[in-house]
Every structure is written in structure tokens, then in C-alpha cells.
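[1] coordinates for the following, if possible.
(one chain, ligands or ions: 2)
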Amino acid sequence: MGNSTICKVKIYFAALYRRLAKKRLSSARTEDIEGLIEHTNKTSRFFGIIARTLGMEEDIINRAQNAVLLHDIGKLANNEIFALTIAPRKLTEKELMIVRQHAQKSLTMLSEEGINFIDPGLEKMILYHHDPEGLVNDPYLKNRLIWRKLTEILIVSDYISAAYDTSRAYHNGYRLKKSVLITLQELAQQWGTTIGGDIYAILGEILIDGRNPAFLTIRGSLKTILDTIGNRELTPQQIIPAQNITLFSA
Ligand SMILES: [Fe+2]
Ligand SMILES: [Fe+2]
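    Numbering: from 1, shown residues only. Ligands and ions are numbered 1, 2, ... in the order given. So this is what the prediction gives:
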């Protein structure tokens, strides 16, 4: 799939987000909807970088990247869920339970729109992106490690993407470095060893290492992303201090 095809898919899906927001939410600020679209674009780019570094097949990566663009469409399910996703504070346990329903809602809403995934693995990826227990116990994924791995990559990309969004509610006011560090701590806390050590290691390479020539492209991509997000001139080494790498020896 060429770049222009991916671009068209992005535009088409962005339009879908806008249309569903109009249809299902009584009042939502345009900038919040655009922020959500931007989040899914960023998540999809991070997803591609990590999956390619792991050496996965290009065809699968492309299909999965398109599905990743749709992973949070369920946030537009209703006013209550959407309001919680942009609440300017940490959520209570009860609120988190409500907000996490958006993963299932994404699938329901997509199917209502006539968008169905050819491979059930793509659905599983979206379904479990906030549900460690579901991911571990799903019998379909037991013998299909590729989809399990892709789900893990989505989870990590989702966290990292959110971390770079320093305007995000409770990260407001943090410098990028702190935002990334805190988000990675949350990732380790919530998902721990459910995410494979290989993915943590790659994340470390992307964010910290920089000495391995194999990751020059990654560093380039990361810089591009950083530049796109806020014209920041940070190098990967500056993002989090090296001693924090012990977080990821999962
Ligand atoms: Fe989500
Ligand atoms: Fe997300």
C-alpha cells in the first residue's frame, strides 16, 4: 500500500470521526474532536514504527495501522463517555470503567457504519486496548501470537501518543519529558509483563538509546513526530533519563 493510499484512508476516517461526533454528541468542541483524530493519527504512526522495528510483515502492518486509526471512535458513542475522555482531572475507578467501554463501542459503531474487519484479529486489537484480562484470556488469541503482539503494540503506541499530547487534561503544564516519563510509569503499572519485553526494549531504544545504527530511522521518525507535534527540538536522549530504563526490564 502506497503512501497516498494511507493518506486517503486517513482523510476518510477523519471524516467518519467528524460525522459520528455530529450525529451522536449534542455538544462537542471542534478542537476536542480534532484532538481525538490527531491522537489516532499519532498512535498509528508510532504503531508503524514499533511494528516495523520488530520486523513484522508490511502487509499486516498496513492493515493494522488502518485499524489503529479507528481504535478510539467509540469515544464518540455518547456525551457521557466523550466528556470523561476530556475531563481535566484524573478519573475515579467508576468513571474509568465507563470510559473504557469505548473499546467495545468502537466495534459496535463501526459495524453499524458497515465497516467490518476481514480479520478478527484486527477487532481483537481494538477490543482489548484497555483490557489486560480480556487480552490474556481470549481463546482466539492463544494460538495467534501475531495478533496478540499487534495488540500489545497498539497499547504501547496509544500510551506514547497520549504522552506526547502535553495539552492532555491531567498532563497539562508538564514538560514533554515529564509527561512521557509519567505515562510510561502508568503503562508499566497497568500492563506490566502483559506487554512483551521485546516491545519494552524497542521502546527503550526509540526513546533512550540512540547508539544502535539500526535505529537511526526510528530516531529520525521520532524526531519527525516530535517536530510535527510541537516543533520541539528534543533528541531521544533528552526525553527520559537513562536510569529509568530499569522500568522496562520486564
Ligand atoms: Fe482508547
Ligand atoms: Fe487511544
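[2] now do the helices in the protein.
    Here the chain has its helices, by DSSP state H, at 3-24, 30-53, 58-69, 79-85, 93-100, 102-112, 120-127, 132-137, 139-142, 145-164, 176-191, 197-207, 216-230, 236-239.
[3] tabulate those helices (TSV), appending mean neighbour count.
    The way it works is simple: take the backbone N, C-alpha and C, and place the C-beta from them, glycine included. Shown next, in TSV, are the helices of the chain (neighbours: other C-beta atoms under 10 Å):
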stretch	mean neighbour count
helix 3-24	14
helix 30-53	20
helix 58-69	19
helix 79-85	17
helix 93-100	13
helix 102-112	18
helix 120-127	21
helix 132-137	14
helix 139-142	13
helix 145-164	23
helix 176-191	17
helix 197-207	19
helix 216-230	15
helix 236-239	17
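[4] let's have those in TSV, adding distance to ligand 2 and mean pLDDT.
    Shown next, in TSV, are the helices of the chain (distance: least, C-beta to the ion, whole Å; pLDDT from 0 to 100):
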stretch	distance to ligand 2	mean pLDDT
helix 3-24	12	85
helix 30-53	6	90
helix 58-69	9	92
helix 79-85	9	95
helix 93-100	11	95
helix 102-112	9	96
helix 120-127	10	94
helix 132-137	15	93
helix 139-142	20	92
helix 145-164	4	89
helix 176-191	12	68
helix 197-207	17	69
helix 216-230	15	39
helix 236-239	20	38
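[5] surely Ser161 and Gly35 touch.
    No. Look at Ser161 against Gly35 with C-beta atoms under 8 Å: they stay out of range, at 11.3 Å.
[6] ok, Asp158 - contacts?
    By C-beta atoms under 8 Å, 6 or more residues apart in numbering, Asp158 lies in contact with 43, 71, 129.
[7] let's see 7 Å
    Counting by C-beta atoms under 7 Å, 6 or more residues apart in numbering, Asp158 touches 43, 129.
[8] could you measure from it over to Asp119?
    20 Å (C-beta to C-beta, to the nearest Å).
[9] again, but for Leu203
    Counting by C-beta to C-beta, the gap from Leu203 to Asp119 is 25 Å.
[10] just the CA atoms of stretch 56-63, as PDB, please.
    Only the C-alpha atoms of stretch 56-63 are listed here, as PDB (Å, rounded to 0.1, in the frame of the first residue of the first chain):
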ATOM      1  CA  MET A  56       6.600  -7.700  11.100                       C
ATOM      2  CA  GLU A  57       5.200  -8.200   7.600                       C
ATOM      3  CA  GLU A  58       4.500  -5.000   5.800                       C
ATOM      4  CA  ASP A  59       1.100  -6.100   4.600                       C
ATOM      5  CA  ILE A  60      -0.100  -6.900   8.100                       C
ATOM      6  CA  ILE A  61       1.300  -3.600   9.500                       C
ATOM      7  CA  ASN A  62      -0.500  -1.600   6.800                       C
ATOM      8  CA  ARG A  63      -3.800  -3.200   7.600                       C
END
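[11] who touches stretch 137-155?
    For stretch 137-155, contacts defined as C-beta under 7 Å, 6+ apart pick out 47, 50-51, 60, 64, 68, 71, 120-121, 124-125, 128-129, 135, 191, 195-196, 199.
[12] quick check, Glu123 in contact with Phe117.
    Yes. Under the criterion of C-beta atoms under 7 Å, Glu123 is in contact with Phe117, at a separation of 5.1 Å.
[13] could you pull up the residues touching the nearest residue to Thr40 once chain neighbours are set aside?
    Sequence neighbours aside, Leu69 is the residue nearest to Thr40 in space, at 5.1 Å (criterion: C-beta to C-beta, 6 or more residues apart in numbering). Counting by C-beta under 7 Å, 6+ apart, Leu69 touches 9-10, 13, 40-41, 44.
[14] repeat for Phe117
    Contacts of Phe117 were listed using C-beta under 7 Å, 6+ apart, and they are 67, 123.
[15] excluding sequence neighbours, find me the nearest residue to Glu186.
    Tyr159 (7.0 Å).
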